[in-house]
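Visitor: fold the following for me, if possible:
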Amino acid sequence: MKLIEAMKRIKELTVKATDLQNKVSVTCANLDYETPVYADPKSQVSEWIQAHGDILKEVMKLRFAIQRTNINTPVTIELGGANVTKSIAEWIHRRRDLANLEMTMWQKLGDRGLKEGVINQSTGEPKAIKIVRHFDPKERDAKIDLYRSEPSKIDATLEVVNAVTELA
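Guide: The predicted structure is shown next:
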């Protein structure tokens, strides 16, 4: 089974589990003068509860297999002219928030609203004021571009990887 198939199967099983929950909630009790829909409602409810538990076990098994696959499968993505290899799990975390956090850090580098110009010293002599940057603006701009594009590159690569990688 491929990763993508396992993820789709989990969605299907979750829908089935929700359906069983709804059936149980409707059938679990009735008034004594009502005719139950099922001949043996107690047995039917027990069957649904058992089926629900079996579905959850299958979901757990698939989720665990996906996690194992994600941790053990290396994927190489070209970023900033270099090939970077990480596990699927690491790429997922990069995609989820870490690439954006890195971009935000680099975006914080700036002139802080400071202005260059000329001021008069207490002696009356003019003095030129310059901004001293403790970073390289070219590097900052390159890093911002790199981290801004990283999530879409991860998405594109993992879409293919999920379709071709066998579940562990």
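Visitor: show me the helices in the protein, by range?
Guide: Under the criterion DSSP state H, helices of the chain are mapped to 3-27, 41-72, 88-93, 99-107, 137-164.
Visitor: for residue 125, which of the ones you listed is the nearest?
Guide: Comparing the helices of the chain by their distance to residue 125 (Cβ to Cβ), the top pick is helix 137-164, with 30.7 Å. C-betas here are computed from N, CA, C, even on glycine.
Visitor: grab the most central residue of this structure for me.
Guide: Nearest to the mean C-alpha position of the chain, counting by Cα atoms, centre = their mean, stands residue 96 at 3.9 Å.
Visitor: ok, that residue to residue 13 distance?
Guide: Counting by Cβ to Cβ, to the nearest Å, the gap from residue 96 to residue 13 is 24 Å.
Visitor: just the pLDDT for the residue sitting furthest away from the middle of the chain.
Guide: Going by Cα atoms, centre = their mean, the residue of the chain most distant from its centre is residue 123, 60.5 Å out. We have a pLDDT of 90 for residue 123.
Visitor: before we move on, back to that, ok, the residue nearest to the centre of the chain to residue 54 distance?
Guide: Distance from residue 96 to residue 54, by Cβ to Cβ: 31 Å.
Visitor: repeat that for residue 77.
Guide: From residue 77 to residue 54 the distance is 38 Å (Cβ to Cβ).
Visitor: out of those two, which sits in the more crowded spot?
Guide: Higher neighbour count among residue 77 and residue 54: residue 77, with 18 against 13, using other Cβ atoms under 10 Å.
Visitor: residues contacting the closest residue to that one other than its chain neighbours?
Guide: Among residues not flanking residue 77 along the chain, residue 157 sits closest, at 5.0 Å (Cβ to Cβ, 6 or more residues apart in numbering). Neighbouring residues of residue 157 by Cβ atoms under 8 Å, 6 or more residues apart in numbering: 75, 77, 91.
Visitor: what is residue 120 paired to in the beta sheet?
Guide: residue 126 (DSSP bridges).
Visitor: that one against residue 129, yeah?
Guide: No: using Cβ atoms under 8 Å, residue 120 makes no contact with residue 129, being 11.0 Å away.
Visitor: can you tell me how far residue 80 sits from residue 149?
Guide: 9 Å.
Visitor: likewise for residue 110?
Guide: In terms of Cβ to Cβ, residue 110 sits 21 Å off from residue 149.
Visitor: about what we covered before: tell me which of the helices of the chain is the most buried.
Guide: Of the helices of the chain, the one with the most neighbours on average (mean count of other Cβ atoms under 10 Å) is helix 88-93, at a mean of 18.
Visitor: I'd like to know which elements that one is packed against.
Guide: Applying 3 or more Cβ pairs under 8 Å, 6 or more residues apart in numbering; DSSP states H and E, one finds that helix 88-93 contacts helix 41-72, strand 74-79, helix 137-164.
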